[in-house]
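Novice: okay, here's the prediction I keep looking at, along with the sequence it came from:
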Amino acid sequence: MSQLIEFANNHLVLLGALVVILTMIIKMEFESRFSGIPQLIAADAVRLMNNDEAVVIDVREAQEYGDRHIKGSIHIPMNTIKTRLSELEKYKSKPVLAYCRSGSRSNYVCRILKKAGFEQVNNLSGGVMGWESANLPLTKK
């Protein structure tokens with residue numbers, strides 16, 4: 001225990017960085033779990049897309065979208081969502097599935113959509129990485 005205290009005293013910057021990172025992780029997890037936004041795994045997302053004809057929104061940057069994306073998704077980067085909400089107005093009553101690389105940015109977008117009056121907003125848990133882990137296809141077209 002004394003070695004841990006000595007390490008902390010000798011490396012205050014590292015200790016501070018650890019505290020900041022842990023705080024950010026806890027905050028993100030808390031927001032994700034208690035946001036009221038359903039976090040769908042890839043299989044549930046596919047069901048939503050097939051059975052309920054969900055509108056799929058990719059909120060990643062243009063280069064990420066151009067590399068590979070879910071077929072049929074609408075590309076609206078996270079930093080433009082507030083100015084482009086009018087493009088999505090016609091989908092307010094339809095199920096919406098948002099995704100990004102890992103699920104964090106899209107969860108933020110889901111909260112914006114929910115506040116804007118979208119009724120059925122869902123986040124793809126794990127984002128494209130979760131989609132790929134489930135061996136589901138991505139396209140460049």
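Specialist: Thanks, I have it.
Novice: residues in contact with stretch 125-141?
Specialist: 39-43, 45-46, 60, 66-71, 99-104, 106, 124 (CB atoms under 8 Å, 6 or more residues apart in numbering). Bear in mind the C-beta positions are built from the backbone N, C-alpha and C, glycine included.
Novice: just the buried subset of the residues you listed, please.
Specialist: 39-40, 42, 45-46, 60, 69-70, 99-103, 106, 124 (16 or more other CB atoms under 10 Å).
Novice: so which of these is the closest to residue 17?
Specialist: Closest approach to residue 17 among these (CB to CB): residue 102, at 20.8 Å.
Novice: coming back round to it: in helices, which of the buried ones among the contacts of stretch 125-141 fall?
Specialist: Among those, the residues falling in helices (DSSP state H) are 42, 45, 46, 106.
Novice: now do the helices in this structure.
Specialist: 2-10, 12-34, 42-51, 62-67, 104-115, 127-133.
Novice: of those, flag the one that's most buried.
Specialist: Highest mean neighbour count among the helices of the chain (mean count of other CB atoms under 10 Å): helix 104-115, with a mean of 20.
Novice: list the residues that contact residue 37.
Specialist: Residue 37 neighbours (CB under 8 Å, 6+ apart): 107, 110, 111, 114, 121, 122, 123.
Novice: pretty sure the first one contacts residue 121?
Specialist: No. Counting by CB atoms under 8 Å, residue 107 sits too far from residue 121 to count as a contact (9.9 Å).
Novice: identify the contacts common to the two.
Specialist: 37, 98.
Novice: thinking again about what came up before, now the contacts of residue 37 in JSON lines, with distance to residue 140 and pLDDT?
Specialist: Formatted as JSON lines, these follow (distance: CB to CB, whole Å; pLDDT from 0 to 100):
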{"residue": "107", "distance to residue 140": "25", "pLDDT": "91"}
{"residue": "110", "distance to residue 140": "25", "pLDDT": "95"}
{"residue": "111", "distance to residue 140": "30", "pLDDT": "92"}
{"residue": "114", "distance to residue 140": "31", "pLDDT": "94"}
{"residue": "121", "distance to residue 140": "27", "pLDDT": "96"}
{"residue": "122", "distance to residue 140": "25", "pLDDT": "97"}
{"residue": "123", "distance to residue 140": "24", "pLDDT": "96"}
